[in-house]
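Chemist: Let's see this in three dimensions:
(chains A and B)
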Amino acid sequence: DAMVIQNPRYQVTQFGKPVTLSCSQTLNHNVMYWYQQKSSQAPKLLFHYYDKDFNNEADTPDNFQSRRPNTSFCFLDIRSPGLGDAAMYLCATSTDVSGGGNIQYFGAGTRLSVL
Amino acid sequence: QKEVEQDPGPLSVPEGAIVSLNCTYSNSAFQYFMWYRQYSRKGPELLMYTYSSGNKEDGRFTAQVDKSSKYISLFIRDSQPSDSATYLCAMSGGGTSYGKLTFGQGTILTVHP
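Modeler: Numbers count the residues shown, from 1 in each chain, chains lettered A, B, ... in the order given. Sure, this is the predicted structure:
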């Protein structure tokens, strides 16, 4: 049974057209993460939520926003997608463990294409 | 210099071979070490999890951590075609907020029959 579910699996959008990716979880985890992964590269953390507390990475472009309306759901909004935003977007969840050590559970990802 | 270095490969081995995957890191504060396996067009799945230095074995997989050398390894015995995937090392700890993971680039492994 899938525990972290991402929709859609594949998304095609046009240059500059806003797009929203969604993630839901059945694990009741406090923390939810969004990663961007380009071909043959490591996943790059964009931001994370600890409950409703939003934490942006310093180098995440303003073009990327996120919403977490409740524990189970989290959304990634790309306001004006550029060609360079084409990538796999991964959602992950974990329990909160200060100082590290928590296991992150990943969804299957959404592959975004920008035309 | 990247915090975590991983040879991207690709690595191609015959079925039944022993595979060795490695990562080096520079942040001595890392305490938690993980290996994720990622099949093509799928999300990463946790394979092995180790705290601090030492070995951990799970079936055909063995994870080793040498904190003094800042070096971690994953060994796969009797490799199978189903092991063909990208293997990502990941690390956390040392006060990183909310368990932020630092990943290696990933090693692409192909096991051919």
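Chemist: Close to chain A: what parts of chain B are there?
Modeler: Counting by CB under 8 Å from any CB of the partner chain, the residues of chain B close to chain A are B:4, B:8, B:30-32, B:34, B:36, B:41-46, B:49, B:51, B:88, B:92-101, B:103-106, B:108. Any C-beta I mention is one placed from the backbone N, CA and C, and that applies to glycine too.
Chemist: Please state the mean pLDDT value computed over the strand or helix carrying residue A:48.
Modeler: Assignment of secondary structure by DSSP states H and E places residue A:48 within strand A:44-50. The pLDDT scores in strand A:44-50 average 93.
Chemist: What pairs with that strand, parallel or antiparallel?
Modeler: strand A:31-37 (antiparallel), strand A:53-56 (antiparallel) (DSSP bridges).
Chemist: Touching the helix or strand following the last one from outside, list them.
Modeler: This means strand A:53-56. Toward the C-terminus, strand A:53-56 is succeeded by strand A:64-67 as the next helix or strand (DSSP H and E). Among residues not part of strand A:64-67, those counted as contacts by CB atoms under 8 Å, 6 or more residues apart in numbering or on different chains are A:34, A:46, A:47, A:49, A:54, A:74, A:75, A:76, A:77, A:78, A:79.
Chemist: From those residues, pick the one nearest residue A:11.
Modeler: Checking the contacts of strand A:64-67 against residue A:11 with CB to CB, the nearest one is residue A:78 at 9.7 Å.
Chemist: What residues are bridge-paired with the closest one?
Modeler: residue A:19, residue A:64.
Chemist: so it makes contact with residue A:15?
Modeler: No - proximity of residue A:78 to residue A:15 does not meet the contact threshold set by CB atoms under 8 Å, at 11.3 Å.
Chemist: For those two, indicate the residue with more neighbours.
Modeler: Each of residue A:78 and residue A:15 has its neighbours counted (other CB atoms under 10 Å in any protein chain shown); residue A:78 has more, 22 against 11.
Chemist: Relative to residue A:25, how far out is that one?
Modeler: 21 Å (CB to CB, to the nearest Å).
Chemist: Quick check, central residue of chain A?
Modeler: With distances taken as CA atoms, centre = their mean, residue A:34 lies nearest the centre of chain A, 2.6 Å away.
Chemist: For that one, give me its contacts.
Modeler: With CB under 8 Å, 6+ apart, residue A:34 has these contacts: A:23, A:45, A:46, A:47, A:48, A:64, A:66, A:74, A:76, A:89, A:90, A:91.
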